[in-house]
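*Asks:* missing the sequence, but the structure's below:
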């Protein structure tokens, strides 16, 4: 029997500055088993439904935590965190 763990992506805090910079803090974890590997993407969309574009890529540390600053070229619209998965999921 081979069971896959579910990846869990959480956004614990964010800070905006007047100059368009954003600080994102969060964690990439798993419902069971080893931590997922790979990068977390900060994405932006004008309407929050379509046209999501990656504006920054964050690498979690060995505990799955991340804390990064990024300056947005267009500090308007909607933001989300996205994890595309890992090639070694379930191994």
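*Replies:* Noted; the coordinates are in hand. Predicted model, so just to flag it, every value in this text is computed and none were measured.

*Asks:* for the chain, give me the ranges with low pLDDT.
*Replies:* Per-residue confidence for the chain (pLDDT under 70) gives these ranges: 1-4, 86-91.

*Asks:* show me where it has its strands.
*Replies:* For the chain, the strands defined by DSSP state E occupy 7-16, 21-30, 40-45, 53-58, 65-71, 78-82.

*Asks:* with mean neighbour count as extra columns, can I get the ones you listed in TSV?
*Replies:* The C-beta positions use only the backbone N, C-alpha and C, and glycine is treated the same way. TSV is the format used below for the strands of the chain (neighbours: other CB atoms under 10 Å):
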stretch	mean neighbour count
strand 7-16	13
strand 21-30	18
strand 40-45	19
strand 53-58	14
strand 65-71	15
strand 78-82	15
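
*Asks:* residue 29 is in contact with residue 5, correct?
*Replies:* No - using CB atoms under 8 Å, residue 5 makes no contact with residue 29, being 9.5 Å away.

*Asks:* tell me, what's touching those two both at once?
*Replies:* Residues touching both residue 5 and residue 29 by CB atoms under 8 Å, 6 or more residues apart in numbering: residue 36.

*Asks:* residues in contact with stretch 27-43?
*Replies:* With contact meaning CB under 8 Å, 6+ apart, stretch 27-43 is reached by 3, 5-10, 12, 22, 24, 26, 52-60, 62-66, 70, 79-90.
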